[in-house]
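> I would like the atomic coordinates for the input below:
(one chain, ligands or ions: 2)
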Amino acid sequence: MSQKVVIALGGNAILQPKQQATYENQLENIQKSCEVIARIVKQGYEVIITHGNGPQVGNILRQQDEAKEVVPPFPLHVCSAESQGFIGYMMNQCLLNELQKLGLNNSVVSMLTQTEVSKEDPAFQNPTKPIGVFYSEEEAKRLAEEKGWIVKEDAGRGWRRVVPSPMPKAIIGADLIQSLTDQGTIVIAAGGGGIPVSRQSDGTLVGVEAVIDKDRSGYQLAQDVNADIFMILTDVENVYVNYGKPNQKSLETISLEEAKQYADEGQFSAGSMGPKMESAIGFAEKGGAAIICSLDQADLALAGKAGTRITQAISSAT
Ligand SMILES: Nc1ncnc2c1ncn2[C@@H]1O[C@H](COP(=O)(O)OP(=O)(O)O)[C@@H](O)[C@H]1O
Ligand SMILES: NC(=O)OP(=O)(O)O
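Ligands and ions are numbered 1, 2, ... in the order given. Sure, this is the predicted structure:
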């Protein structure tokens with residue numbers, strides 16, 4: 001029986017920090033990501049894709065800000081939907097093209113997905129999710145003063161605007177995603193973590209001002225669709241302990257206990273590797289295999305030959 005894998009594509013798979021956010025640059029990156037994903041489909045895996053939107057949703061907010069005198073700005077949850085929509089379109093098209101090159105004719109659906117969060121989530125009082133471009137400390141602090149933003153340093157790479165990032169409680173339509181996957185359709189869902197919504201006392205949904213972490217939503221999605229593997233593709237080949245220090249050490253296949261111990265030691269930064277490891281640990285704890293690796297090593301990592309893998313039973317991965 002084929003294995004079901006939920007792939008969470010990092011922001012870098014769509015736009016790298018030093019690249020200009022043009023359509024062409026993002027299309028080229030998405031094309032490369034889809035080449036990798038199509039190869040995974042060709043190997044016989046059932047694939048569900050989710051993706052980030054941090055740089056893109058930040059840029060949409062910035063566009064709105066620049067044009068606010070002539071066009072009224074939309075709330076953040078609508079910007080999240082916009083980013084999910086355009087990335088979902090580009091990814092869908094690129095994936096169909098790459099599948100065709102490999103002689104595959106799977107259907108691909110991009111599902112505009114809402115993710116339920118709690119309005120009481122403490123994250124609304126402590127914004128941690130970096131969005132948009134990187135700034136120098138000086139420029140970030142000037143923009144914070146001028147525009148009322150909250151800015152933070154992002155894993156040693158520069159300063160960025162941050163917004164609240166509540167925990168996902170439910171992926172709306174997860175049952176539909178599962179049935180589409182079971183029919184052989186490749187589903188792109190919960191992009192940008194999903195459009196953040198909360199449920200009101202009468203049961204109705206309403207958009208909220210946040211950006212959900214796509215690794216956390218990816219974990220929720222992987223659970224909801226009963227995935228065997230949860231794979232997080234990012235811009236580092238492995239997770240490291242003592243990251244960026246002279247005694248940095250890469251993690252390959254590790255036990256759940258080791259992973260938890262490193263997380264307790266604070267080895268993984270809050271706005272970047274922290275949520276990835278937290279989600280990977282959660283998934284492994286439920287019995288699945290969690291992989292964190294670079295996009296270009298995805299096939300090797302699925303074969304247990306690259307990346308960082310966390311499983312309950314180490315021997316099954318080696
Ligand atoms: N312990 C660690 N091991 C590896 N990378 C780490 C670690 N701590 C922080 N990072 C940072 O996490 C980044 C990946 O997270 P992020 O930028 O959020 O990825 P993506 O946008 O691809 O989801 C890496 O580029 C690296 O700078
Ligand atoms: N929403 C989200 O997690 O986006 P990034 O992965 O781009 O930060």
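
> got a list of what the residue in the stretch 101-250 of the chain positioned nearest to ligand 2 touches?
Nearest residue of the stretch 101-250 of the chain to ligand 2: Lys214, at 3.6 Å (Cβ to the nearest ligand atom). Just so you know, the C-beta spots here come from the backbone N, C-alpha and C atoms, and that holds for glycine as well. For Lys214, the contacting residues are 8, 50-53, 190-193, by Cβ atoms under 8 Å, 6 or more residues apart in numbering.

> how about the residues of the stretch 101-250 of the chain near ligand 2?
Contact residues (Cβ under 6 Å from any ligand atom) of the stretch 101-250 of the chain with ligand 2: 192-193, 211, 213-214.

> on that earlier part again, please tell me how far the residue of the stretch 101-250 of the chain closest to ligand 2 sits from Glu146.
With the distance defined as Cβ to Cβ, to the nearest Å, Lys214 ends up 29 Å from Glu146.

> does the helix or strand harbouring Ser279 reach ligand 1?
Element membership for Ser279 (DSSP states H and E) is helix 273-285. Yes. Using Cβ under 6 Å from any ligand atom, helix 273-285 reaches ligand 1 at Met273.

> and that helix, what does it pack onto?
If you count contacts as 3 or more Cβ pairs under 8 Å, 6 or more residues apart in numbering; DSSP states H and E, helix 273-285 packs onto helix 214-224, strand 229-234, strand 239-241, helix 256-264, strand 289-294, strand 308-311.

> and the contacts of the fourth one?
By Cβ under 8 Å, 6+ apart, the residues outside helix 256-264 that reach it are 241, 251, 268, 274, 277-278, 280-281, 284-285, 310-312.

> let me know the angle separating that helix from strand 289-294.
50 degrees (axes from the mean of the first three to the mean of the last three Cα atoms, to 10 degrees).

> is helix 256-264 positioned near ligand 1?
No. Between helix 256-264 and ligand 1, judged by Cβ under 6 Å from any ligand atom, nothing touches; the nearest distance is 8.1 Å.

> before we move on, the earlier item: next one: the helix holding Ser279 to chain centre, how far?
12 Å (Cα atoms, centre = their mean, to the nearest Å).

> ok, and does it reach over to ligand 2?
No. Helix 273-285 does not reach ligand 2 (Cβ under 6 Å from any ligand atom); its nearest approach is 7.6 Å.

> list the buried residues in that helix.
Applying a neighbour-count criterion of 16 or more other Cβ atoms under 10 Å, one finds 273-284 buried in helix 273-285.

> likewise stretch 136-156?
Those would be 140, 143-144, 149, 151-155, for stretch 136-156 by 16+ other Cβ under 10 Å.

> do stretch 238-255 as well
Buried-residue list, stretch 238-255, by 16+ other Cβ under 10 Å: 238-241, 243, 251, 253-254.

> Serialize the residues you listed to TSV and add fields for distance to Val225 and pLDDT.
Output for these, formatted as TSV (distance: Cβ to Cβ, whole Å; pLDDT from 0 to 100):
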residue	distance to Val225	pLDDT
Asn238	26	97
Val239	24	97
Tyr240	30	97
Val241	31	96
Tyr243	31	94
Leu251	26	97
Thr253	24	96
Ile254	25	95
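
> check the residue in the stretch 51-200 of the chain that ligand 2 sits nearest to and give its pLDDT.
For the stretch 51-200 of the chain, the residue positioned closest to ligand 2 under Cβ to the nearest ligand atom is Gly52, at a distance of 2.3 Å. On pLDDT, Gly52 comes in at 96.
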